[in-house]
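**Student:** one predicted model, sequence on top.
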Amino acid sequence: MAERTDDELNELLRAAMKTLDAQVPSGYFDALASRTLGRLAASEGTMQTGTSGTEATSSGVPPTPAEEDSGLHDIRNLAETAKARISSKRISTSSIKTDDELLASASGSWKSLALPQPAAMISLPEVAEAKKADKKQEKTDAVATVATTAAVAAKSSAPASTSTLRKRVAIAGIGLAAAAGVTLFLTMRPDAEPTADRAPLVATSAPAAAPVQPTVQPIEAPKPAPVAAAADNNEAPAGGAATAETTALAPAPQVAAAPEPVPAKIATKHAVAKPTAHVATKTVAKAEIPAKTAPAPTPAPATKAKASGSDESFDSLLKEAGVQEKKDNSKPVLEKKELSAGDFKTGMAAIQSKAAACYKGTQGMAQVKLVVAPSGKVSRVTVSGSFAGKPEADCVTAAVKTATFPPWDGGPQTMGYSFLLSE
Amino acid sequence: MADEDPDLDGARRGDHQAFGRLVGRHQRRVYATALHILGNHADADDATQDAFVRAYRGLATFDGRSDFFTWLYRITVNTALNALRSGTRGAALARKGGDEAAHVGGRPEALGQPSADPLNQLQQTGDVQRVLGAVAELSPTLRVTLVLATIEELPHKQIAEILDIPEGTVAWRVNEARRLLRLRLAEDLVTAQTSKARR
């Protein structure tokens, strides 16, 4: 039987089916139509009561009002209400009206890829604003803390009826006086620094400072001089003219006179130890702290007053220096916002020969995935393909890591590149 | 075309009597198709009625661009296929059908091959039983495709439309069904010969 042809097999099948056909009871077809109508009537009756959902969904009955109420309607309504509930629960702070927004709120990773606009609308600004708000909150908290401290101090000094309280007030007063002294000392320090910093500039107009500075100049003068020059760059273009103008702008007699009340040792120490702009910034920052606490009943206003009293243009000088140094410290804005394909190819072409030298007898394609930092340096390299895990991969990795690209203003970028290793 | 059929129009309007007339006109072929696929009367009867009920409910979607029976036939095949997939009862009852066939096979006229030779009768009965048993062992999709191609003698293109599959799949299913059928029948033959030798 296994050797039967298709025709023989078909004949067998037909014969078997004819046998089946012969099983039909006599009179079966006479009653079939009526039984079918009976089943139809029964199913319609069942559907009208709304108990049979499967019948309704699988049959596709002509749309009649009774059938529309048989469950499909409820499912649609349920879906609508569920959707509304979900969208109202997802983000409580912003009302989501479109499906795109709903999708964007569902997955952070997809926002930036598939739905950049909704993502920008919903999530990213909120994060940025939250950070700003946090910073603001921190600042206000700090101010509030200082104010609270001051208020507590004032409170503690107010009910000074008992001797213990008086003692405490006295101790607090001494402490405050000490703090004021330290603050005064810190505020006075910049006077010495500019003297040292600007010694080369002042030297032309103030020969009196010359005998003190020569010991410092060979080491420290080269550093501060560009800073001072850079600080004044906004007002004077550069070069010798800048020297003259800087001398004119900066109160020369005061700068020159500053070392006189201060012992030469201290002046030299200050000049040697902290002549850089960084320290000057710190000093400025420290000077700003009392200014913030000014509203509170602390000795800060007095300090400020004393500082302004001892040096008339000190505040303006600080402001100038502070603002300008902040500008100097800020990250330089780069024109490039991303690593272009051309720059990438150029950078990779430079190390092409190094990578090609990694051929060790096996020809193949080394597929490289590299992460380039905004600085233009390669931060991570992975080699896949036929050389993965082989010595060639290490060699190619080392070669790729030497690649450099022009820096840009943005985040790191992941790029792919392939090297053909062959003879 | 459909609009010219008064019974069809009447059934569309909800006239059960008109639909009853439609059932009477097409019931034999619908039942035969269901029986060939399912392999026994009980399931075929159930599937036939189910197919007609589904057709009545789907009359609104019948646009009349094709013949009504073609549309009804498609519903019947898919109803029978669903019945096969719904459980193993199809296969079990097919075995029962095979048994019934063996019983029916006692009446030679049932096979359409009158024979006075009792040995020949027995041989034919045994073959029918084995064929039906082997068909029942096939998967529902192979079984339906084989029946449509071999018994109903439909072209592969039409089978592809009915089952909503590519024509290439139809051809593969038919060949695969035949291969499995031959294999199964060969196993049965070996078993039968072994038991005969023991006797």
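**Tutor:** Received the coordinates, thanks. Residues are numbered from 1 along each chain as shown, chains lettered A, B, ... in the order given.
**Student:** which other residues reach stretch B:68-81?
**Tutor:** B:2, B:5, B:8, B:22, B:26, B:29-30, B:33-34, B:37-38, B:44, B:47-48, B:50-52, B:54-55, B:58, B:62, B:140-141, B:144, B:148, B:161-163 (Cβ atoms under 8 Å, 6 or more residues apart in numbering or on different chains). For every residue, glycine as well, the C-beta is placed using N, CA and C.
**Student:** show me what counts as buried in it.
**Tutor:** By 16 or more other Cβ atoms under 10 Å in any protein chain shown, the buried positions in stretch B:68-81 come out as B:Phe68, B:Trp71, B:Leu72, B:Tyr73, B:Arg74, B:Ile75, B:Thr76, B:Val77, B:Asn78, B:Thr79, B:Ala80, B:Leu81.
**Student:** just to revisit the earlier point, filter the contacts of stretch B:68-81 to the buried ones?
**Tutor:** B:2, B:5, B:8, B:22, B:26, B:30, B:33-34, B:37-38, B:44, B:47-48, B:50-52, B:54-55, B:58, B:62, B:140-141, B:144, B:148, B:161-163.
**Student:** what bits of chain B have low per-residue confidence?
**Tutor:** Residue ranges of chain B with pLDDT under 70: B:1-4, B:87-125, B:189, B:192-193, B:195-196, B:198-199.
**Student:** got the contact list for the host helix or strand of A:Val381?
**Tutor:** Element membership for A:Val381, per DSSP states H and E: strand A:378-385. Residues external to strand A:378-385 that are found in contact with it (Cβ under 8 Å, 6+ apart): A:364-373, A:392-393, A:396-397, A:400-404, A:412, A:418.
**Student:** quick one: average pLDDT of stretch A:366-384?
**Tutor:** Average pLDDT, stretch A:366-384: 89.
**Student:** what about that stretch, start to end distance?
**Tutor:** Stretch A:366-384 has an end-to-end distance of 6 Å (Cα to Cα, to the nearest Å).
**Student:** can you point out the buried residues in that stretch?
**Tutor:** Per 16+ other Cβ under 10 Å, stretch A:366-384 contains these buried residues: A:Ala366, A:Gln367, A:Val368, A:Leu370, A:Val372, A:Ala373, A:Pro374, A:Gly376, A:Val378, A:Val381, A:Val383.
**Student:** could you do stretch A:164-177 as well?
**Tutor:** The neighbour-count check on stretch A:164-177 (16+ other Cβ under 10 Å) flags A:Val169 as buried.
**Student:** output the buried residues of stretch B:68-81 as CSV; include the columns secondary structure.
**Tutor:** CSV is the format used below for those (DSSP: H, G, I helix; E, B strand; the rest coil):
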residue, secondary structure
B:Phe68, helix
B:Trp71, helix
B:Leu72, helix
B:Tyr73, helix
B:Arg74, helix
B:Ile75, helix
B:Thr76, helix
B:Val77, helix
B:Asn78, helix
B:Thr79, helix
B:Ala80, helix
B:Leu81, helix
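**Student:** farthest pair within those?
**Tutor:** Maximum pairwise distance among the buried residues of stretch B:68-81 (Cβ to Cβ): 20.5 Å, between B:Phe68 and B:Leu81.
**Student:** and B:Asp63, its phi and psi?
**Tutor:** Phi and psi for B:Asp63, reported as degrees, to the nearest 10, are phi -90, psi -10.
**Student:** for chain B, give me its nearest residue in the stretch 201-350 of chain A.
**Tutor:** A:Ala341 (42.9 Å; Cβ to the nearest Cβ).
**Student:** residues near that residue, how many?
**Tutor:** 9 (other Cβ atoms under 10 Å in any protein chain shown).
**Student:** quick one: stretch B:49-66 near chain A?
**Tutor:** Yes: using Cβ under 8 Å from any Cβ of the partner chain, stretch B:49-66 reaches chain A at B:Gln49, B:Asp50, B:Phe52, B:Val53, B:Arg54, B:Tyr56, B:Arg57, B:Gly58, B:Leu59, B:Ala60, B:Thr61.
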